[in-house]
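Chemist: Quick one: sequence plus predicted model below, questions after.
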Amino acid sequence: MIAFAELLERLVLTPGRLAKIALLRRYFATEPDPDRGFALAALTGELAFQAAKPMLIRGLAEARTDPTLFAWSYDYVGDLADTVALMWPAKPTNQPAPGMTEVIQTLIATPKTDLPDIVAGWLDASDASGRYALLKLITGSLRVGASARLAKVALAELAGGRIAPDEIEEIWHGLTPPYLPLFEWLEGTAERPDPAGAPVFRPLMLAQPLEPPDFAALDPAAFRAEWKWDGIRAQLVAMPGGRRVYSRGAEDISNSFPELIEAMDFHAVLDGEILVLRDGVVAPFADLQQRLGRKVVGGKMLRDYPVHVRLYDMLFDGAEDLRALTFDERRVRLEAWFARTQPARMDLSAMIPFQTIAELSEIRDGTRAASIEGLMLKRANSPYVPGRPKGQWWKWKRDPLSIDAVMMYAQRGHGKRSSFYSDYTFGLWREDGELVPVGKAYSGFTDAELVQLDRWVRNHTTNRYGPVREVERGMVMEIAFDAAQRSNRHKSGVALRFPRVARLRWDKPAAEADKLETLMNTIENLSH
């Protein structure tokens, strides 16, 4: 665990992407198997321990420290592993610090009742850095600025440029920790691991935002247009070895959509958008949110929020890889496959006819009224390649809406933001003068603005509720959002889509912020 603890500490303190990749590459190159494989699994979120939970850690800490002091410290630090690592009063012991593989195998095999004494012994034998790494490993909250994608880039560099990160991505879901065949392949001592029909993820092709300077280079005849639907992008993989639904970030979300898995009675890899659809009408994104992140979906949820996939593209037809074909050619194959297969809970994304960009602009202007997020422009001769290749696909979203809202509450963030109040609940004025919350934002501001906001929150706190601070009604923020709808789950009666801080209105008195009635009128106008 010593080397892993050192890696985590350096990752937290290292801001640059290239520097983080170098740290990861060095770790994977110098640490032995299976330690490095288990570390890779931890960094990529592929480890889960059924018996070891955060409550176990908190219970151990409260038994060794003053519970009130621990609660205050945890409230201030905002991170359980960091708090316990610093506060833990270790007892003298001759036990050596645990090794990475020892920890993983013990956490997997040990009954829940036996874990407290074992974990306490590990903590006693470790220094503060080792305790931090151990606790992060147990709780699974490895927010150290190293994403799964960053780890795979580092692995590709370990191969000396012979292997691209996307090649690793394509076999990733056919592998299991501690990834011995993967490291053998990367180091040139074995052949590429064969997924053998496993339902693995293929990296998605993504679009660049269409900005005004890009218009001049657009040849309307060279592009095809589609609607940009307000759902979640997904890849449907149905192979002889199984069926999976993946998010755009390669997360297996199959458990959230069992009816889609049931409908995937075919052999293909498809690219599409998951939507809630009722009587052919696309429901607001807030309805789809009811289905996201659920490990088990009950019958009522299936009935109340029926999901559907609007298909955009086809990557594999059976075992045939179509990605090298042009968009137009893949579209022909997709249409033929769809006519032949007639899959349940799916339809084809409609192509939008247009002659000029000006004509397309007029179509885009009407997307908000139709509850559509915008338009997609795809070059007719574009192959399906991973990432965001410049000039191939464009996303032309509708313009955002905005309100001037008042900060009501603030909460600490996670990871490198755990010491800053970076999550802000904001509200609007009702006609009776009450300020009611309408949303929460934690993005859109610069690092310098975050420091200013954190200082303002600390200096203007009126009440504390655990990790949350209530603040004076004095900070006005311009909030941009993509859509709004009525919601019975919120006191204000409204829910916002993708709220973010557009700018800080230091110049504006809180009394002059927008009224809730103004936002509700906006919703009514957009629905007509």
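Modeler: Cool, got the structure.

Chemist: Got the confidence number for Gln485?
Modeler: Note for Gln485: predicted pLDDT of 79.

Chemist: Report how many residues lie close to Val200.
Modeler: 22 (other Cβ atoms under 10 Å). C-beta: built from backbone N, CA, C; applies to glycine.

Chemist: Against the centre of the protein, work out the most remote residue.
Modeler: Asn94 (42.6 Å; Cα atoms, centre = their mean).

Chemist: Which residue ranges of the stretch 301-450 of the chain form strands?
Modeler: 307-317, 320-321, 346-348, 351-352, 374-379, 393-397, 401-412, 421-429, 435-441 (DSSP state E, counting those that start in this stretch).

Chemist: export those to CSV and tack on distance to Glu517?
Modeler: Converted to CSV, the strands of the stretch 301-450 of the chain look like this (distance: least, Cβ to Cβ, whole Å):
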stretch, distance to Glu517
strand 307-317, 34
strand 320-321, 55
strand 346-348, 39
strand 351-352, 36
strand 374-379, 28
strand 393-397, 27
strand 401-412, 12
strand 421-429, 9
strand 435-441, 11
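
Chemist: right, and those strands - which one's nearest Glu211?
Modeler: Closest to Glu211 of the strands of the stretch 301-450 of the chain, according to Cβ to Cβ: strand 393-397, at 9.2 Å.

Chemist: centre of the chain versus the closest one, how much separation?
Modeler: Relative to its parent chain, strand 393-397 has a centroid offset of 21 Å by Cα atoms, centre = their mean, to the nearest Å.

Chemist: What of stretch 19-33?
Modeler: On Cα atoms, centre = their mean, the centre of stretch 19-33 falls 25 Å from that of its chain.

Chemist: What of stretch 39-53?
Modeler: That offset, for stretch 39-53, works out to 17 Å (Cα atoms, centre = their mean).

Chemist: got the buried residues for that stretch?
Modeler: Of the residues in stretch 39-53, 39-44, 46-47, 49, 52 count as buried by neighbour count, 16 or more other Cβ atoms under 10 Å.

Chemist: number of nearby residues for Ala22?
Modeler: 15.

Chemist: nope, Glu167 is what I was after
Modeler: For Glu167, the count of nearby residues is 17 (other Cβ under 10 Å).

Chemist: Show residues contacting the host helix or strand of it.
Modeler: Following DSSP states H and E, one finds Glu167 within helix 165-172. Helix 165-172 is contacted from outside by 149, 152-153, 155-156, 182, 192-195, 200-203, 250, 386-387, using Cβ atoms under 8 Å, 6 or more residues apart in numbering.

Chemist: and with 7 Å instead?
Modeler: 152-153, 155-156, 193, 195, 200-203, 250, 386 (Cβ atoms under 7 Å, 6 or more residues apart in numbering).

Chemist: Adding mean pLDDT, distance to Leu496 and mean neighbour count, write the strands of the stretch 301-450 of the chain out as JSON lines.
Modeler: Converted to JSON lines, the strands of the stretch 301-450 of the chain look like this (pLDDT from 0 to 100; distance: least, Cβ to Cβ, whole Å; neighbours: other Cβ atoms under 10 Å):
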{"stretch": "strand 307-317", "mean pLDDT": "98", "distance to Leu496": "22", "mean neighbour count": "22"}
{"stretch": "strand 320-321", "mean pLDDT": "96", "distance to Leu496": "41", "mean neighbour count": "12"}
{"stretch": "strand 346-348", "mean pLDDT": "98", "distance to Leu496": "29", "mean neighbour count": "16"}
{"stretch": "strand 351-352", "mean pLDDT": "96", "distance to Leu496": "28", "mean neighbour count": "14"}
{"stretch": "strand 374-379", "mean pLDDT": "96", "distance to Leu496": "17", "mean neighbour count": "22"}
{"stretch": "strand 393-397", "mean pLDDT": "93", "distance to Leu496": "16", "mean neighbour count": "20"}
{"stretch": "strand 401-412", "mean pLDDT": "92", "distance to Leu496": "9", "mean neighbour count": "22"}
{"stretch": "strand 421-429", "mean pLDDT": "94", "distance to Leu496": "10", "mean neighbour count": "22"}
{"stretch": "strand 435-441", "mean pLDDT": "92", "distance to Leu496": "4", "mean neighbour count": "20"}
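
Chemist: To Thr83, which of these lies closest?
Modeler: Of all those, strand 401-412 comes closest under Cβ to Cβ, at 12.0 Å.

Chemist: Could you chop this structure up by domain?
Modeler: Domains of the chain are assigned by automatic domain parsing as 2-139, 203-227+351-395, 230-348, 401-526.

Chemist: Serialize those domains to JSON lines and add fields for distance to Pro177.
Modeler: Shown next, in JSON lines, are those (distance: least, Cβ to Cβ, whole Å):
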{"stretch": "domain 2-139", "distance to Pro177": "4"}
{"stretch": "domain 203-227+351-395", "distance to Pro177": "21"}
{"stretch": "domain 230-348", "distance to Pro177": "15"}
{"stretch": "domain 401-526", "distance to Pro177": "23"}
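
Chemist: Glu187: which of those domains is closest?
Modeler: Closest approach to Glu187 among those (Cβ to Cβ): domain 2-139, 8.9 Å.

Chemist: on that earlier part again, what's the separation between the residue farthest from the centre of the chain and Ser129?
Modeler: 20 Å (Cβ to Cβ, to the nearest Å).

Chemist: what's the answer for Glu169, then?
Modeler: 31 Å.

Chemist: now Ile523
Modeler: Distance from Ile523 to Ser129, by Cβ to Cβ: 51 Å.

Chemist: thinking again about what came up before, please identify which of the strands of the stretch 301-450 of the chain is closest to Ala109.
Modeler: strand 401-412 (35.2 Å).

Chemist: Adjacent strands (with direction) for that closest one?
Modeler: strand 421-429 (antiparallel), strand 468-471 (antiparallel), strand 476-481 (antiparallel) (DSSP bridges).

Chemist: Tell me the buried residues in the second one?
Modeler: This points to strand 468-471. 469-471.

Chemist: Of those residues, which is the nearest to Gln452?
Modeler: Once Cβ to Cβ is applied, the member of the buried residues of strand 468-471 that ends up nearest Gln452 is Val471, at 13.6 Å.

Chemist: does that closest one really touch Met407, like I thought?
Modeler: Yes. Using Cβ atoms under 7 Å, Val471 is in contact with Met407, at 5.9 Å.
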